[in-house]
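Q: everything below, folded, please.
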Amino acid sequence: MEICLGAPLAEIGLYIKSLELSTEEQYNPAVVVDEENTNVEQNHIAVLTYYLLKHGVSMEFYHEISMLFKDLPRSYKLKQFKKGIKVPTISKTPGPYDGAQFDFMDIFQLHAADEIKQHRLYYEENQSFLVKVSGDGAQYSRTSNFCLLSFSILRDDSTLSCYEVHTIAVLKTSESYEALRDGFGDAIASINSLADDGEITLDGITYSVEVVCCADYKFLLNLMGMKAASSQHSCIWCEVKDVDRHKMNVRIHEQPKKRTLASIKRNARTQSLGCKNAPLLELELDHIVPDELHLLLRVMDMLIQALVDTAVAQDHYEAHDRGQSSINAEDGPKPCEEYKRVWGAFLCLGT
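A: Numbering: from 1, shown residues only. I've put the predicted structure just below:
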């Protein structure tokens, strides 16, 4: 049966010419046959290696499976074949947490080289990479929590798709400072090294590299070693208290209220002004970006709450006018005035 499945395999120099399918219950690894290659076992090894890499299965896992199914090729043969393929290796994350990781520099160089091939004219003109590091924690079941760290390469001339987000590491644990420090320690160290160097050389050409971090606020607080969002000084970029944060006349972008990476490190040593631990990422705060989606969702929460409160208050005032409520109409601001004040404050942010 002739099929067209050669495109994904071509990435590692393999091509499927025919596929043999069977409905027999017993396991038979010999499913791919190369009509021009008499070494059938080598063909099996190539295809097995491809699928292990495609689905992120480690060689350690395959070794255990091959010990159970004796008809599978030995794991050392797959390792020998893999040496001739330029792919990043998967290893266990450091620390006490279950997890897996790629070497960040390996996968960055791999995807950066691919970016240059796909958008050669763009990189010939700019010769620079803008790398966005992202992360998040998620609950997958009642007892299972995962933390993910990923990166993507941004360009000015396009939007980002899900296929351009590349996983660096995954941890099976809840989101916390200790988990990020221990489990993502190798990856974060490589990210800091790349950001500090500010350049990378590919095929003899040196490209400048700028690293930014964009994530939800809880993840950013953990990365920067700060306390929870409910603390008095929970803002990453300024030292304004929570009770003064809504005041539009506070100039947070000026000293002494403005934070810097050095000030966070200094406050972490004394555990003051919302800083609890040393920051993990060595990035200046203008390269730490909150996720736009979560910002807009919170803004809409506040605006909708103001709208609902105004509607409820208006009902009470109308009931008072009809003599059906004991509310004094002279007490407190008018509902429409409160409604305009809250919405007007948000509109002033853009002016």
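
Q: measure the residue nearest to residue 186 when sequence neighbours are not counted to residue 150 for me?
A: Excluding its sequence neighbours, the residue lying closest to residue 186 (CB to CB, 6 or more residues apart in numbering) is residue 94, at 5.9 Å. Quick note: C-beta positions are derived from backbone N, CA and C, even for glycine. Distance, residue 94 to residue 150, by CB to CB, to the nearest Å: 18 Å.

Q: now stretch 212-225 - C-alpha only, CSV.
A: Taking C-alpha atoms only, stretch 212-225 is exported to CSV below (Å, rounded to 0.1, in the frame of the first residue of the first chain):
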residue,chain,number,x,y,z
VAL,A,212,12.2,38.6,27.6
CYS,A,213,9.9,36.7,30.0
CYS,A,214,6.1,36.8,29.7
ALA,A,215,3.8,34.8,31.9
ASP,A,216,0.9,35.1,34.3
TYR,A,217,1.5,37.1,37.5
LYS,A,218,1.8,34.2,39.9
PHE,A,219,4.5,32.6,37.8
LEU,A,220,6.4,35.9,37.5
LEU,A,221,6.2,36.5,41.2
ASN,A,222,7.7,33.1,41.8
LEU,A,223,10.5,33.7,39.3
MET,A,224,11.4,37.0,40.9
GLY,A,225,11.3,35.5,44.4
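
Q: got the buried residues for that stretch?
A: 212-217, 219-225 (16 or more other CB atoms under 10 Å).

Q: give me the mean pLDDT for it.
A: Mean pLDDT, stretch 212-225: 92.

Q: just give me how far that stretch sits from the chain centre.
A: Computed by CA atoms, centre = their mean, to the nearest Å, the separation of stretch 212-225 from the middle of its chain amounts to 10 Å.

Q: cool, and stretch 147-157?
A: Centroid separation between stretch 147-157 and its chain, computed with CA atoms, centre = their mean, is 7 Å.

Q: buried ones in that stretch?
A: Neighbour-count burial for stretch 147-157, counted by 16+ other CB under 10 Å, picks out 147-153.

Q: now stretch 63-72
A: Those would be 66, 72, for stretch 63-72 by 16+ other CB under 10 Å.

Q: again, but for stretch 272-287
A: 273-277, 279-283, 285, 287.

Q: in the protein, where is pLDDT below threshold?
A: Applying pLDDT under 70 to the chain picks out residues 1-40, 84-87, 157-159, 250-256, 319-351.

Q: now the helices for it?
A: Here the chain has its helices, by DSSP state H, at 6-9, 40-54, 59-68, 75-82, 104-118, 120-126, 177-183, 185-197, 217-223, 261-270, 292-321, 335-348.
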